[in-house]
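Visitor: everything below, folded, please.
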Amino acid sequence: MAGDTTPYRIMLADSHAILRQGLRGILQEKPGLEVIGEASDGIELLNFLRVSELQPHMLIVDFSMPNLSGIEAARQIKMIRPGIKILALSMHKEREYLERYFSAGAEGYLLKEDSDTELFSAIDVIRQGGLYISSLLSGKSTPER
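Guide: Reported below is the predicted structural model:
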């Protein structure tokens, strides 16, 4: 947001370390974004939120995580920290997955095959209070950066 110098804090939750590391690298290239933590499953994510003094503004959460799925984690997070925004990250293109995430409280749904440009668009829209659906699912093209 214009004039705001506070970093927008993001936490990543995905069972694949290399994917988390790649996302971290992409996000840290954008001024104003700060990755404050990573979790490999939903339980680790919930534990971080319970004990960390520095809370994220947004979570980027994988659908398929061991121990506690991304959808169940999203439901629980919205009960304990309703102000945290959730961007779902999934390989699933079926509408049922999208609907399940939004019913759990997510504000956005991206596919793992989406570009970094679309990731930044999703973060911007959600940060400003909107909802975001991958252009590959919504049929809308994303703006070029």
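Visitor: from the contact counts, what lies against the helix or strand hosting Ser121?
Guide: In the assignment (DSSP states H and E), Ser121 maps to helix 116-127. Where contact means 3 or more Cβ pairs under 8 Å, 6 or more residues apart in numbering; DSSP states H and E, helix 116-127 is packed against strand 8-13, helix 17-28, strand 58-62, strand 85-90, strand 108-111, strand 132-133. For every residue, glycine as well, the C-beta is placed using N, CA and C.
Visitor: so what touches the helix or strand of the chain with the lowest mean pLDDT?
Guide: Using mean pLDDT, DSSP states H and E, helix 135-138 stands out as the lowest-scoring helix or strand of the chain, at a mean of 88. By Cβ atoms under 8 Å, 6 or more residues apart in numbering, the surrounding residues in contact with helix 135-138 are Lys93, Arg95, Leu98, Tyr109, Leu111, Glu113, Asp114, Glu118, Ser141, Thr142.
Visitor: now stretch 84-96
Guide: Residues from elsewhere that reach stretch 84-96 (Cβ under 8 Å, 6+ apart): 14, 49, 55-64, 70, 74, 77-78, 97-98, 101, 104-113, 122-123, 126-127, 132, 136-137.
Visitor: hang on, the earlier thing: which of the contacts of helix 135-138 tops the neighbour count?
Guide: When neighbours are counted by other Cβ atoms under 10 Å, Tyr109 leads these with 26 neighbours.
Visitor: which ones are touching it?
Guide: Tyr109 touches Leu87, Ala88, Ser90, Tyr97, Leu98, Tyr101, Phe102, Tyr132, Ile133, Ser134, Leu137, counting by Cβ under 8 Å, 6+ apart.
Visitor: before we move on, the earlier item: of all the helices and strands packed on helix 116-127, which one is nearest Glu44?
Guide: strand 8-13 (7.6 Å; Cβ to Cβ).
Visitor: per-residue confidence for the residue most central in space within the chain?
Guide: By Cα atoms, centre = their mean, the mean C-alpha position of the chain lies nearest to Ile60, the distance being 2.0 Å. Looking at Ile60, its pLDDT stands at 97.
Visitor: I'm done for today, thanks for sticking with me.
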